[in-house]
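# What follows is a predicted protein model with its sequence.
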Amino acid sequence: MKKAIEIESLSYSYPDGHQALKNINLNIEVGESVAIVGPNGAGKSTLLLHLNGILRSDGTVKVLGTPLEEKNLKWVRSKVGLVFQDPEDQLFSPTVFDDVAFGPINMGYSEDEVRQRVREALEGVGMDGYEKRSPHHLSIGEKKRIGIATILSMNPEILVIDEPTANLDPRAKWELIELLRGLTVTKIVASHDLELVKALCQRIILLDEGKVVADDATPSIMSNALLLERHGLAPKGGSRLKLKA
């Protein structure tokens with residue numbers, strides 16, 4: 001199958017010397033829904049930021065077979081849409097329309113094409129009719145949907161999402177999960193939320209201390225309570241819990 005993401009020998013250290021990623025090697029196929037899980041500080045967000053070139057470092061990253069290099073950066077960012085954990089980092093315009101239109105405008109689409117893309121993106125997240133609303137006056141769940149729409153308006157082939165259910169109440173969480181289930185693009189989701197992972201992702205990549213410590217089908221990882229406990233994803237004594245995928 002065609003590879004959506006190929007990563008080889010990827011390591012990254014922050015300016016303070018902290019090494020966040022250590023020799024990451026992994027492939028994600030087109031159409032997969034993959035969860036990146038691990039405790040705080042495992043390197044999940046750092047890894048996501050390498051997938052569309054916000055961070056770059058030692059190692060090789062390929063997107064749909066194309067190396068992530070300066071000359072290819074604009075193309076890569078048209079293919080890989082990154083949704084941040086905090087929608088306030090994504091929403092900065094006075095109206096929802098302006099936020100969702102920002103990407104297509106910068107990609108050079110005509111006014112009619114921009115309006116069509118905004119309309120389709122908002123319909124896709126169940127937020128049509130919100131065009132004139134201020135994004136800053138919406139609920140956290142609505143903001144997250146608009147944040148996703150700002151990416152969908154650029155028709156990415158790969159959707160990368162950091163902690164999508166953070167700070168959501170149960171109703172908003174499950175509504176968002178159903179929304180994400182309905183999207184046919186390749187999905188890469190970093191999350192602590194194992195309910196989300198179980199509902200959305202067929203595969204789990206477990207990071208800890210910047211390294212891949214497990215990479216397997218979701219049922220296999222979810223049923224290994226000792227592994228989850230060892231890496232901070234289940235309470236101590238979790239080996240006695242019945243964790244079923």
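In hand now; what should we look at?
# For residue 9, grab the count of nearby residues.
Residues near residue 9, counting by other C-beta atoms under 10 Å, number 10. All C-beta spots, glycine's among them, are computed from the backbone N, C-alpha and C.
# swap in residue 132?
Neighbour count for residue 132, taken as other C-beta under 10 Å: 10.
# check contacts around it.
95, 96, 97 (C-beta atoms under 8 Å, 6 or more residues apart in numbering).
# Kindly recompute the last result at 7 Å.
Listed by C-beta atoms under 7 Å, 6 or more residues apart in numbering, the contact partners of residue 132 are 95, 97.
# Can you get me the start-to-end distance on stretch 175-194?
16 Å (C-alpha to C-alpha, to the nearest Å).
# Also stretch 32-50?
For stretch 32-50, the end-to-end distance is 18 Å (C-alpha to C-alpha).
# List the buried residues for that stretch?
32-38, 42-50 (16 or more other C-beta atoms under 10 Å).
# Can you classify the residue nearest to residue 129 when sequence neighbours are not counted as helix, strand or coil?
Among residues not flanking residue 129 along the chain, residue 122 sits closest, at 7.8 Å (C-beta to C-beta, 6 or more residues apart in numbering). Look at residue 122: counting by DSSP: H, G, I helix; E, B strand; the rest coil, its state is helix.
# So which of the buried residues of stretch 32-50 belong to strands?
Judged by DSSP state E, those include 33, 34, 35, 36, 37 as members of strands.
# show me where the protein has strands.
Secondary structure of the chain (DSSP E): strands located at 3-13, 19-29, 33-37, 58-63, 66-67, 80-83, 158-162, 186-190, 203-208, 211-217.
# Redo the ones you listed as JSON lines? Include distance to residue 118 and mean pLDDT.
Output for these, formatted as JSON lines (distance: least, C-beta to C-beta, whole Å; pLDDT from 0 to 100):
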{"stretch": "strand 3-13", "distance to residue 118": "26", "mean pLDDT": "96"}
{"stretch": "strand 19-29", "distance to residue 118": "29", "mean pLDDT": "96"}
{"stretch": "strand 33-37", "distance to residue 118": "26", "mean pLDDT": "97"}
{"stretch": "strand 58-63", "distance to residue 118": "25", "mean pLDDT": "93"}
{"stretch": "strand 66-67", "distance to residue 118": "27", "mean pLDDT": "94"}
{"stretch": "strand 80-83", "distance to residue 118": "15", "mean pLDDT": "95"}
{"stretch": "strand 158-162", "distance to residue 118": "18", "mean pLDDT": "96"}
{"stretch": "strand 186-190", "distance to residue 118": "22", "mean pLDDT": "97"}
{"stretch": "strand 203-208", "distance to residue 118": "32", "mean pLDDT": "97"}
{"stretch": "strand 211-217", "distance to residue 118": "37", "mean pLDDT": "97"}
